[in-house]
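Undergrad: Sharing a model prediction with you, sequence too.
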Amino acid sequence: MIRKEHAKAKDFTIVRHQIEGEKFEILVDPDKGLKYKRGEIGEIRNVLMIDTIFTDANKGEKASGDKLEKHYGTSDPIEVAKEMFEKGTFQLNTQQRQEMTEQKKKQIINIISKTFVDPKTKLPHPVVRIENAMEDIRFHIDPFKEADEQVQEVVQALRSVLPMSSENIQIALKIPAEYTGKAYGTVKDYGTIKRDEWQNDGSWVTVVELPAAMQVDFMEALGKDTQGNVQSKIVK
């Protein structure tokens, strides 16, 4: 039986796995199921609403032990449930899907804004402009897929309404000796040092290559590190 504290239908969701044309389902707690999927809960027993494998959970049709043995090599519902979570589809409820999709969307937009620029101005597109363009193309975001794995697909779709390029630039810098400690770390975090030289007065002269979209953030960070005492020039 389904545990009493979770008896209402809205309090559980389904993990579904299809194998060799046959469908198997388990009932799980939505929040705990999502935490298990993310690796935040280790014991699957705490996730299941009932230790039963169904062929159709809505109709209450249970899978036979023979079918489970055939497809999973065991009739133990706990072991089968583990494989179903690994290979099957976790059915998010509406609120979970909305929250996860929105979070993933923000991550994707953040990556795009720091990686791609308007080829005419060589400056990043404002976040709001990227958001509006994504609304226009109605790109389907996968809430389970990592943001960086979806960026190229999103960018390819966005280019139909928003010109974008992923150009790199090289910036020559001269940083006074008293600020090189902090500044050196920032330069390495943002880009690739192409060449550098230490001057007799202890100041540091370097050329760093980084995505054009990160130029503004990079110079703001350097400005804080050096209290504005940095000389810079785009060389490429």
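TA: Happy to help now that I have it. Numbering: from 1, shown residues only.
Undergrad: And the residue nearest the centre of the chain?
TA: The centroid of the chain falls nearest to Ala147 when counting by CA atoms, centre = their mean (3.0 Å).
Undergrad: Now do it against Glu209, distance only.
TA: Distance, Ala147 to Glu209, by CB to CB, to the nearest Å: 24 Å. The C-beta positions use only the backbone N, C-alpha and C, and glycine is treated the same way.
Undergrad: same check, this time on Asp11
TA: Applying CB to CB to Asp11 and Glu209 gives a distance of 53 Å.
Undergrad: Can you point out the buried residues in the top helix by length along the chain?
TA: The residue-count maximum for a helix in the chain (DSSP state H) belongs to helix 94-115. Using 16 or more other CB atoms under 10 Å as the test for burial, helix 94-115 gives 96, 100, 104-105, 107-109, 111-115.
Undergrad: and if you look at stretch 228-236?
TA: So for stretch 228-236, counting by 16+ other CB under 10 Å, buried means 230, 232.
Undergrad: quick one: average confidence on that stretch?
TA: The average of the pLDDT scores along stretch 228-236 is 90.
Undergrad: Over to stretch 159-170?
TA: 90.
Undergrad: Need the contact partners of it.
TA: 112, 115-120, 122, 125, 129-130, 133, 136-137, 155, 158, 194, 207-213, 215, 234-236 (CB atoms under 8 Å, 6 or more residues apart in numbering).
Undergrad: what about dumping the CA coordinates of it to CSV?
TA: C-alpha atoms of stretch 159-170 as CSV (Å, rounded to 0.1, in the frame of the first residue of the first chain):
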residue,chain,number,x,y,z
ARG,A,159,21.4,33.4,-34.4
SER,A,160,18.2,33.5,-36.5
VAL,A,161,17.1,36.5,-34.5
LEU,A,162,20.2,37.7,-32.8
PRO,A,163,23.7,38.1,-34.4
MET,A,164,26.4,36.6,-32.3
SER,A,165,30.0,35.6,-32.5
SER,A,166,32.5,34.1,-30.0
GLU,A,167,35.5,36.2,-30.8
ASN,A,168,38.6,36.4,-28.6
ILE,A,169,40.5,39.6,-28.0
GLN,A,170,44.0,40.3,-26.6
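Undergrad: pLDDT value on the most far-flung residue of the chain relative to its centre, please?
TA: Distance from the C-alpha centroid of the chain, by CA atoms, centre = their mean, peaks at Asn200 (45.6 Å). pLDDT for Asn200: 94.
Undergrad: mind checking the SS state of it?
TA: coil (DSSP: H, G, I helix; E, B strand; the rest coil).
Undergrad: where does it fall, phi/psi-wise?
TA: With angles defined as degrees, to the nearest 10, Asn200 sits at phi -60, psi -30.
Undergrad: In contact with it, which residues are there?
TA: No residues are in contact with Asn200 under the rule CB under 8 Å, 6+ apart.
Undergrad: And for Asp142?
TA: 104, 150 are the contacts of Asp142 under CB under 8 Å, 6+ apart.
Undergrad: where's it, which helix or strand?
TA: Asp142 is part of no helix or strand when elements are defined by DSSP states H and E.
Undergrad: Please apply the same query to Ala172.
TA: With DSSP H and E as the criterion, the answer for Ala172 is strand 168-175.
Undergrad: Quick one: the strands in this protein, in order.
TA: Residue ranges of the strands in the chain, as given by DSSP state E, are 13-19, 22-28, 54-56, 61-62, 89-90, 168-175, 192-198, 204-211, 231-234.
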